[in-house]
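Asks: Sequence and computational prediction follow.
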Amino acid sequence: MTKQPSTKLPGPRILTINGGSSSIKFALFEAGESLQRILEGEIERIGLAESTLRVKGLDSADDFSRPVSAPDHTVAVGVLVDWIEERIGSDALAAVGHRVVHGGPKYSEPQRITTEMVEELHRLSPFDPDHLPEEILLTEAFHRRFPNLPQVACFDTAFHHDLPRVARLLTIPRRYEAQGVRRYGFHGLSYGFLMGELARLAGVEAAQGRVVLAHLGNGASLAAVHQGKSIDTSMAFTPTAGIPMSTRSGDLDPGLIWYLARTEQMSAARFNEMVNFHSGLLGVSETSSDMRDLLEHEAEDVRAAEAVSLFCYQVKKWIGAFAAALGGLDTLVFAGGIGENAAPVRARICNGLEFLGIELEEKRNAANAGVISAASSRVAVRVMRTDEELMIAKTVCRVLSLGKASEKDSTKGASS
């Protein structure tokens, strides 16, 4: 009797959701010996007439882009779930993992979403009114469609939860700390992934050293990490703080609020709208929030040139400050859309930091190589591709003990 060849059954499938103010990014992973990304995509321009569903699969034949009706996040997630059911079947999902930007003072560890958590997140909405309401809508929409499907919240503040008290405290009356007003920091999923990758690529000793991580994208921040732990970060109570970003201002003189209230009768709501959606690179350049556009036009547009210069200058200042907080620097990591792809920006940031031991190798930097520091550089300067979706999927595997991928997650402590 001949032995029939065994058919490999698919492992548990995990959907990751990363909701923004006008988009929903998603990815589908299969958890087996390791995590395999089956597809990824995005519903973009939610709330506008030209909403689009874009998908990229393992096979280029699976790639497509099509217009959809998505007047709000609730409708958008319905479009996404309809497509998921059509694409892989209604019973194929084992779990959904959500990036939740703000966990407030109560939540740090990633955990399964419960009714009690959703109620608490509603109460926390004033902490982050630009993200939390939409993220809550997403979890509720999935629960309505799949009431028995496990959902896991992965908090973007978790990586910085144990900041030293001196870095955590804000210099306002102490009574507000009791209400949860403190430095939280964000981009934690990205930073957790990067630290795991640093240990894998450069060794545990490098990951335990004095590290500055620069996540530079539409949202941008830096973190100072020592012995694998965050000791400071540029974002604070909200993601608006720190360095200038695509449309966010970064740090400002708080006296501006009172000044604009007197001179322009600007309300707190209008001020919040300005510093989050009309400032940063867009506000200074008056033309674009995209670093690629600004680099292309800086030679003939002084406003674009000043936006680029201001961004590089502020990042350089924060690297210097964090090197002081760390007592020196061993590794500098660039990540995010700008950090991974904009060689001129990296060069301008690092120019003048030779006193810290930072020296770039021009050809490696131009090629976006993994290591862009010169052989003579005392500091290793790396370019690393971050992957928040993979970090979410790993975390879901660990929390729910799905597949053997959960046993092999080398970043187990990185996101909590």
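Replies: All right, it came through fine.
Asks: Show me the shaky parts of the stretch 1-150 of the chain.
Replies: 1-10, 21, 89-90 (pLDDT under 70).
Asks: need the strands for it, in chain order.
Replies: 13-19, 23-31, 35-44, 52-57, 64-67, 93-100, 111-112 (DSSP state E, counting those that start in this stretch).
Asks: and the ones you listed as TSV, adding mean neighbour count and distance to R348?
Replies: The C-beta positions use only the backbone N, C-alpha and C, and glycine is treated the same way. Listed next are the strands of the stretch 1-150 of the chain as TSV, based on neighbours: other Cβ atoms under 10 Å; distance: least, Cβ to Cβ, whole Å:
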stretch	mean neighbour count	distance to R348
strand 13-19	26	30
strand 23-31	22	29
strand 35-44	20	30
strand 52-57	17	32
strand 64-67	11	34
strand 93-100	24	31
strand 111-112	14	41
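Asks: The ones you listed into a markdown table, with extra columns for distance to S377?
Replies: Below are the strands of the stretch 1-150 of the chain laid out as a markdown table (distance: least, Cβ to Cβ, whole Å):
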| stretch | distance to S377 |
| --- | --- |
| strand 13-19 | 34 |
| strand 23-31 | 35 |
| strand 35-44 | 34 |
| strand 52-57 | 36 |
| strand 64-67 | 42 |
| strand 93-100 | 34 |
| strand 111-112 | 41 |
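Asks: For R210, find the nearest of these.
Replies: R210 lies closest to strand 93-100 among those, at 27.9 Å (Cβ to Cβ).
Asks: tell me the angle of that closest one relative to strand 23-31?
Replies: Between strand 93-100 and strand 23-31, the angle comes out at 140 degrees (axes from the mean of the first three to the mean of the last three Cα atoms, to 10 degrees).
Asks: which helices and strands sit right next to strand 93-100?
Replies: Judged by 3 or more Cβ pairs under 8 Å, 6 or more residues apart in numbering; DSSP states H and E, strand 93-100 is in contact with strand 13-19, helix 132-145, strand 151-155, helix 388-400.
Asks: how about TSV for these, with distance to R382 added?
Replies: As requested, the helices and strands packed on strand 93-100 are arranged in TSV below (distance: least, Cβ to Cβ, whole Å):
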stretch	distance to R382
strand 13-19	24
helix 132-145	31
strand 151-155	24
helix 388-400	18
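Asks: Quick one: closest of the strands of the stretch 1-150 of the chain to R292.
Replies: Comparison of the strands of the stretch 1-150 of the chain against R292 by Cβ to Cβ identifies strand 35-44 as nearest, at 17.3 Å.
Asks: Parallel or antiparallel, list what pairs with the closest one.
Replies: strand 23-31 (antiparallel), strand 52-57 (antiparallel) (DSSP bridges).
Asks: G97 and N18 touch, don't they?
Replies: No - G97 lies out of contact with N18 (Cβ atoms under 8 Å); the separation is 9.3 Å.
Asks: Can you check which residues contact both of these two?
Replies: By Cβ atoms under 8 Å, 6 or more residues apart in numbering, G97 and N18 have these common neighbours: I392.
Asks: Now do the closest residue to N218 other than its chain neighbours against D130, distance only.
Replies: With Cβ to Cβ, 6 or more residues apart in numbering as the measure, S246 is the residue that lies nearest to N218, at 4.3 Å, once sequence neighbours are left out. Here S246 is placed at a distance of 14 Å from D130 (Cβ to Cβ, to the nearest Å).
Asks: Between those two, which has more neighbouring residues?
Replies: Taking neighbours as other Cβ atoms under 10 Å, S246 and D130 compare with S246 leading, 21 against 18.
Asks: contacting residues for T139?
Replies: With Cβ under 8 Å, 6+ apart, T139 has these contacts: H98, I113, V118, Q151, A153.
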